[in-house]
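Novice: my questions concern the predicted model and sequence given below.
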Amino acid sequence: MRKLLSTLIALWLANIVAFAAPGAFTSVGIVVDETNEPVTGATISATGGKALGVTDIDGKFKVQVPGGTKDLTVSFIGYKPLTVPAKANVGTILMEVESQMLADVVVTQSLARTRETPVALSQINAAEIDFKLGNQEFPEVLKTTPGVWTTKEGGGFGDAKTNMRGFKSENVAVVINGIPINDMEWGGVYWSNWAGLSDVASSIQTQRGLGAGLLSAPSVGGTINITTQSLDAKKGGSVWYGMGNDGMNQIGIKLSTGVMKNGWAVTILGSRRWSDDNYVQGTWYNSYNYFINVSKRINDAHQLSFTAFGAPQTHAQRSSYDGLTIEGWATTAKQYMDGESQYRYNPSFGYLLNGKKSTGANYNHYHKPQLSLNHIWEINDKSSLTTVLYASFANGGGYKGMGRSVSYNGTTLSGDSWYGCTDGKLNTVFRNPDGTFAYDQIQLMNMNSETGSNMVLADNVNSHNWYGLVSTYKHSLLDNKLNLTAGLDMRYYKAFHKATIVDLFDGEYYIDDYYRSRVQPANSEIFNKNNTAWVNQKLGVGDVVYRNFDGVTHNEGIFLQGEYSMLDKALNIVLSGSLNNTGYQRIEHFYADEAHSKSPWKNFMGGSVKLGSNYNIDRHNNAFFNVGYISRVPFFSSGVFLSNQNSNQVNPNPRNEKIISFEIGYGYHSPVFSVDVNGYFTKWKDKTTSRSVQMLGEMSGQYGSFNMQGVNARHMGVEIAATYQPTTWFTLEGMLSLGDYIWDSNPTGYFYGPGGFAISSLNGTPASGIMAADHLSAKLNQKGVKVGGSAMTTGAISATFRPFKGWRIGADWTFHARNYSDYQVTASNFNPGTDLNVPDPWRIPWGNQLDLSASYSFEIGGINARLSGNIYNLCDYHYVTTAWNKTEEPGAWDNVFRVFYSFGRTYSLKLRLNF
């Protein structure tokens, strides 16, 4: 409460300063090209000074101009910079094409253009990111975007989840400066690895559906296209400090030379964000961010640009398994939190014997730097070649709890004993009366054990080296009416997956007999289950347990696109296609000796074809459609290698996923009012996926998996986005997404136990092999069941006021409905040879929240300054965002588990000085 009061006082003081500080004012305008079409992403800057903002998808800008500024400069790649008088309304600015232009094809061609590219898109510029993001997770700035569903999941730093049109992160492409960053083995993105993007992004564009990106492996649900600063960075710099709820702090500095007379431009940035606690109990974090860009305009035909950035971080988590039941949150968590919000409760938070805080296995550390060298060659006024070489050397992972199968206080221990919850119920084996996890009891148990540690922590390392090349050639014909683009997309990725003991928890040693006893003599002649001395070896910190393997992935692809404009550029037709070869190899170091370590290479061909057209009916109205077919190769994890944690055995029948998509849209754009409406239909076939499954018997309380092939789904919906700006000081925006996502097949799946071993029963009895006759399997009847985990109705109303010079005040009301619980396979009543039936999920009640943002720009000592603040969930309203149900009974409020609620009221405050 004291922190909130401090924030309100600071904002009140800023209000007083507002009327004393002179000079700053708001300037608005529209930037159009030679065909009178809007220019998206043009930079607006104070002449000779810093960048103030960029134009939106309608070519409009609204920037805060420092006092004393006489002129504004408008710049965009491929056009001559223009200087206009600085005033409240500069009107329409017509850009003029440069005779010799240097256009970064890799970056700009992956961006869609309004009223030209036939896709549904939304764009957020750097000023909007800085204004709204505050202390939220980076993808949360997209929550007012149609079709996007983002939640905090467990609530740890960087652990946010982002879906698009009901598709999870592994089916949403994320691209930074034209470079793909989705994991090469399973397709997902961990946002904690990219936490610093908010400081360096110049824009975020979401392309929903097939997208416009030129890569050989396209997305399914959509594309999040992020561009960072380069030659567009203006001379100057900034420093900032921010604070927020629960001890959040951030500090940073940015310096840029701008483009110097010798053609060089350098931008560097460094920042840190940290908190000793965070909103969720015990989820501290410490994150650094660095960014450097060195660019050289060699001559009118050549340009080089080197970029390096990364965000090393460590943070404690609340596991996705640690969500309680509805009743558990209302009673048990409320009791333990003793007056604080029960939704802050973390079942895995506790203390060690020395009194230090711990979240046990819920700890993550990672550093994923990305380096890229971009060369642009403007061959002539018709042709250009852009090539980017990139590399990423990632190092890090997360802790994993290990446990021996021994009895403790009447309970058989396992690695899952580190979880705070099992199916929504608190694990009470290690639980203190105040609700904290009793890590001290684990220490005492290990200290008193005569057979070493019963429970230890291992560092589950997932590092990789990634090298890639994207080269794009563009050629214009027929007086620029026909643009042909062709390119290469080459990638090589080697991942290193290893678990090593990091904490014996006060025991003398650890025996990894559970996993070592599963090493077969056929795969390892000496170190196998028959070697009892090796199986029962006493291990210490640094020794390998559980797993140790490498994954190698290579991808070679080509892409082609033809874009033809006719009817005086009113009609734009785009036809594109891609073809790629992807190869996988797995190299085992734990369950096999060197002679048996390497799997055979498995290669798959994939590709896509897309056709779309946009027709500008007149200056204000346009319509578009697109249709496409994608054949996507199966993933390394659970697609090609079904037991990828411990076996080189290859899926005997891997299949490409097939996606068919169709979309139509209409747009109306004017200076006062704009609206975009689109409808889509996507059919997804032959997906391979995995579900967690509860083990039985002596392994009760542990989780295995149920891996399925031939999973089909159907996603369709309608999206609406509108903007109303009757005056220069007020803007009203709104969006509404109505989706319908269902499972559309009854696939067959196979059961795997903890650690990924094929089993013949849910008691954990090993099977003779993957997909062998005794490998437990079942048909899963889920056709017609709603896809859970993503709200099918989302909406937002946003208002922005600029009541006084230098002031900006914003409010975002977001809501969601028709969000369904996801399901976990439960087979306690399952008999081999029968089917498993997926019941209807629980329809989660609708939720909403109101966020407020405010900023004030002023001068102090000749330096431009901006004070900004954000209050999220102003009404402190808690709503369910995530829930799971079992397959034994229809989902309902009183039987769902792994439930998470939204954060309550949080806030942030930041002061930035620009020079």
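Specialist: Nice, I can see it.
Novice: select the longest strand from this protein.
Specialist: Longest strand in the chain, counting residues (DSSP state E): strand 703-727.
Novice: list the buried residues of that one.
Specialist: Within strand 703-727, the residues scored as buried using 16 or more other C-beta atoms under 10 Å are 703-717, 719-723, 725. Bear in mind the C-beta positions are built from the backbone N, C-alpha and C, glycine included.
Novice: what do you get for stretch 61-70?
Specialist: Buried residues in stretch 61-70, counted by 16+ other C-beta under 10 Å: 61-66, 69.
Novice: for those residues, could you give me TSV that also reports pLDDT, secondary structure and distance to residue 34?
Specialist: As requested, the buried residues of stretch 61-70 are exported to TSV (pLDDT from 0 to 100; DSSP: H, G, I helix; E, B strand; the rest coil; distance: C-beta to C-beta, whole Å):
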residue	pLDDT	secondary structure	distance to residue 34
61	88	strand	19
62	85	strand	24
63	86	strand	24
64	83	strand	29
65	86	strand	27
66	81	coil	31
69	84	coil	27
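Novice: what strand or helix carries residue 881?
Specialist: strand 880-886 (DSSP states H and E).
Novice: repeat for residue 129
Specialist: Using DSSP H and E, the element containing residue 129 is helix 126-132.
Novice: name the helices or strands packed onto that helix?
Specialist: In terms of contacts (3 or more C-beta pairs under 8 Å, 6 or more residues apart in numbering; DSSP states H and E), helix 126-132 is packed against strand 51-54, strand 201-208, strand 807-817, strand 847-860, strand 863-872.
Novice: can I get the fourth one in CSV? Just the C-alpha atoms.
Specialist: Just to be clear, that refers to strand 847-860. The C-alpha trace of strand 847-860 is given here as CSV (Å, rounded to 0.1, in the frame of the first residue of the first chain):
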residue,chain,number,x,y,z
GLY,A,847,-12.7,-12.3,-17.2
ASN,A,848,-11.7,-8.7,-17.7
GLN,A,849,-9.3,-6.0,-16.4
LEU,A,850,-8.7,-2.3,-16.8
ASP,A,851,-5.2,-1.0,-17.3
LEU,A,852,-4.2,2.7,-17.0
SER,A,853,-1.1,4.3,-18.5
ALA,A,854,0.1,7.9,-18.3
SER,A,855,3.2,9.8,-19.4
TYR,A,856,4.4,13.4,-19.2
SER,A,857,7.2,14.8,-21.4
PHE,A,858,9.0,17.9,-20.2
GLU,A,859,12.4,19.7,-20.3
ILE,A,860,14.7,19.8,-17.3
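Novice: can you tell me the strand partners of it and which way each runs?
Specialist: Paired strands of strand 847-860, with direction, are strand 807-817 (antiparallel), strand 863-872 (antiparallel) (DSSP bridges).
Novice: can you show me the helices along the stretch 1-150 of the chain?
Specialist: Here the stretch 1-150 of the chain has its helices, by DSSP state H, counting those that start in this stretch, at 2-20, 105-108, 126-132.
Novice: worst mean pLDDT among the ones you listed?
Specialist: Here the lowest mean pLDDT among the helices of the stretch 1-150 of the chain goes to helix 2-20, at a mean of 43.
Novice: okay, and for the stretch 451-600 of the chain, where does confidence drop off?
Specialist: Within the stretch 451-600 of the chain, not a single segment meets pLDDT under 70.
Novice: ok, which stretches of it are helices?
Specialist: Under DSSP H, counting those that start in this stretch, the stretch 451-600 of the chain gives helices at 513-516, 532-535.
Novice: which strands and helices sit next to the first one?
Specialist: For helix 513-516, the elements it packs on are helix 532-535, strand 544-566, judged by 3+ C-beta pairs under 8 Å, 6+ apart.
Novice: if we can go back for a sec, and the next element down the chain from the longest strand of the chain?
Specialist: strand 730-743.
Novice: hmm, who's touching the following helix or strand past that following strand?
Specialist: Using DSSP H and E, the next helix or strand after strand 730-743 towards the C-terminus is strand 748-752. By C-beta atoms under 8 Å, 6 or more residues apart in numbering, the list of residues contacting strand 748-752 from outside reads 642-643, 691, 693, 704-710, 758-759, 762, 770-771, 775-780, 825, 827.
Novice: mind listing which of these are in strands?
Specialist: Using DSSP E, the members of the contacts of strand 748-752 that fall in strands are 691, 693, 704-710, 777-780.
Novice: ok, those residues vs residue 460, which is closest?
Specialist: Using C-beta to C-beta, residue 705 is the member of the ones in strands among the contacts of strand 748-752 that lies nearest residue 460, at 16.1 Å.
Novice: show me what the closest one is bridged to.
Specialist: With DSSP bridges as the rule, residue 705 is bridged to residue 692, residue 752.
Novice: having no further points to raise, I will conclude here.
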